[in-house]
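Model the following, please.
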Amino acid sequence: MRVWHIFSRVIDNYGDIAIAIRLAKQLNSLPKNRAVLLAEKSNTLNELLANNNATFKLLDIDDDLSMDAPATFIVTIFNTEIPKNYLDKISQKTKIFIYEYLTAESWTERFHLTPSLNLNPLIEKIYFYPGFSNKTGGLLREATVVKKEYKPSSINKSKIIKTSFFFYPHTKILEFLDLFDEIDYKCKALIYRGIIDKETVLKLPYHTATFNFLPPDQYDNLLYASDLNFVRGEDSLCRAIFSGKPFIWQPYIQADGAHLKKLEAFIFKYFDSIDSKLKNIIGDIFNDWSSGQFKSESIRNYLYHYEDISLFYADRSNQFISKKSVVENLLTIVEKS
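Okay, the predicted model is just below:
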């Protein structure tokens, strides 16, 4: 039996711990593999695990772990610090994968699977970069996610577009929704309730609704059911990709502006095979959404070309579903060793 210990803390609301949970579930579902998630107790963790049929073992990372036998394969999500009383018990050859943030930046291909400085001869630390090329660790995807066939919605006939919104709190959502009135579209929007205040809720257009926290599987269903999804961070980006539906991504805001480089790299990589005119249209609305500098022209152009754009998203989704996933790449590495 191959045992995996996954260490994680809640850094930014749902995304970080959601990745750890998805990884633990996927590893634990495989024959001859068992996963244990070591995470801090929190309301976020409880919400994500509620009705989620989690079969993996869960331990509190802040408990005394000196009584637990270390695993030979360890994943530390976003460089979560492994407690010293756990490390001190390692007495056999052990691989520690330092699971880094997802980015489309090309430098990750050079650093993926490179060793990290380590003074314990029993421990091999390796940087693991999920990513969008075959030279990275791939995307975190369940084996149950399969290719699909899509038929674009006729939004330009009905002038109605069903959207889901999950964004960072600084976003001026009321200002953005006003754009749809300017271009004569009805935006039937569902917005996650946890990211907007009561005053904003009261000002939302009549055809807009809010939803409370959804377990991961139900959130996936919402993405599948929408014509256009506005997503943020890492976990919801991957889910949007696998939905095959058009999406607009908002990266996590960083003070030094590094998120803008990540956005530029993602647009360049993900939309590298689309017509240059459509790529510019997509780039405009991505940048508008992330910068908060909204323009009606950007959303009008995007929706006008919605059918062609949506066919590209569907095809691109199926391409990534065909690639090796994070779990498949991890298993390849450990089996070689």
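
Distance-wise, check residue 47 relative to residue 155.
33 Å (Cβ to Cβ, to the nearest Å). In short, each C-beta sits where N, CA and C put it, glycine included.

before we move on, what about residue 56?
From residue 56 to residue 155 the distance is 41 Å (Cβ to Cβ).

Also residue 335?
Using Cβ to Cβ, one gets 46 Å for the distance from residue 335 to residue 155.

what does residue 141 give?
Note on residue 141: its distance to residue 155, by Cβ to Cβ, is 28 Å.

so what's the closest residue to residue 313 other than its chain neighbours scoring on pLDDT?
The spatially closest residue to residue 313, leaving aside those adjacent along the chain, is residue 246, at 4.8 Å (Cβ to Cβ, 6 or more residues apart in numbering). Listed pLDDT for residue 246 reads 97.

same check, this time on residue 43
At residue 43, the model reports a pLDDT of 69.

now swap in residue 91 and tell me
Looking at residue 91, its pLDDT is 90.

out of residue 335 and residue 155, which sits in the busier spot?
Using other Cβ atoms under 10 Å as the criterion, residue 335 and residue 155 rank with residue 155 on top: 19 against 8.

Can you tell me, leaving aside adjacent residues, what's nearest to the more buried one?
Spatially, and ignoring its direct neighbours in sequence, residue 155 is nearest to residue 161 (4.7 Å; Cβ to Cβ, 6+ apart).

Within the sheet, what are the partner strands of whichever strand or helix holds that neighbour, with directions?
In this assignment (DSSP states H and E), residue 161 forms part of strand 160-165. Using DSSP bridges, the strands paired with strand 160-165 are strand 186-192 (parallel), strand 228-232 (parallel).

and these, which is most packed in?
strand 228-232 (a mean of 25; mean count of other Cβ atoms under 10 Å).

Tell me where the model's unsure across the protein.
Residue ranges of the chain with pLDDT under 70: 11-15, 43, 50-54, 66-67.

Show me the domain layout of it.
Taking automatic domain parsing as the domain assignment, the ranges for the chain are 2-140+323-336, 155-321.

do you know how far the residue nearest the centre of the chain is from residue 242?
Against the mean C-alpha coordinate of the chain, by Cα atoms, centre = their mean, the closest residue is residue 235 at 1.8 Å. Residue 235 sits 11 Å away from residue 242, going by Cβ to Cβ.

intersection of neighbour lists for the two?
Residues touching both residue 235 and residue 242 (Cβ atoms under 8 Å, 6 or more residues apart in numbering): there are none.

Span of stretch 71-85 from start to end?
14 Å (Cα to Cα, to the nearest Å).

Tell me which helix or strand comes right after the strand or helix carrying residue 313.
Per DSSP H and E, residue 313 falls inside helix 306-322. Going down the chain from helix 306-322, the next helix or strand is helix 326-336, by DSSP H and E.

returning to what we had before: and the strand holding residue 161, which residues are buried?
For strand 160-165, burial by neighbour count (16 or more other Cβ atoms under 10 Å) applies to 161-165.

Helix 306-322 and that strand, what's the angle between them?
40 degrees (axes from the mean of the first three to the mean of the last three Cα atoms, to 10 degrees).

Can you show me the CA trace of strand 160-165 as CSV?
The C-alpha coordinates for strand 160-165 follow below in CSV (Å, rounded to 0.1, in the frame of the first residue of the first chain):
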residue,chain,number,x,y,z
ILE,A,160,-30.2,36.4,-22.8
ILE,A,161,-27.0,35.0,-21.2
LYS,A,162,-26.8,32.8,-18.1
THR,A,163,-23.7,33.7,-16.1
SER,A,164,-22.1,32.6,-12.9
PHE,A,165,-19.9,34.9,-10.9
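
No more questions from me, cheers.
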